[in-house]
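Undergrad: sequence unavailable; structure follows:
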């Protein structure tokens, strides 16, 4: 049984930073690409970032490039999302997901999902 658990969300002010974590179990973590998605209130879930299985390749949606960095520690089965210079528009529930292949921005290309962690950025 694959389980993904996100943590690290919270309420911050614009310009602050947060680091999200996603701990995985029930799979050989190091062999899977991973992704981050977010869902703002009243909106569809959208792609944020992806990382290849070894962490050598990353890809970001345009709105977070230069501000967010995803990384992974395969020895700890953990995925990270470092978010800097946060903006109110970043307010959303952030979820990690296991990808079938690296780099897809479509949620249909991801098979397992965490429950999400809330990030709220006040102006």
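TA: Alright, I've got the coordinates. It should be emphasised that the depicted structure is a prediction, and the values quoted were computed from it without experimental measurement. Residues are numbered from 1 along each chain as shown.

Undergrad: would you map the helices across the chain?
TA: In the chain, no segments count as helices under DSSP state H.

Undergrad: could you report the pLDDT at the residue nearest the centre of it?
TA: Centroid-nearest residue in the chain: residue 36, 2.7 Å away (criterion: C-alpha atoms, centre = their mean). At residue 36, the predicted lDDT confidence score is 98.

Undergrad: how much space between it and residue 85?
TA: Look at residue 36 and residue 85: by C-beta to C-beta, to the nearest Å, they are 17 Å apart. C-beta: built from backbone N, CA, C; applies to glycine.

Undergrad: now do the closest residue to the residue nearest to the centre of the chain other than its chain neighbours, the pLDDT please.
TA: Spatial nearest neighbour of residue 36, chain neighbours left out: residue 48 (4.2 Å); criterion: C-beta to C-beta, 6 or more residues apart in numbering. Residue 48 is assigned a pLDDT of 98 by the prediction.
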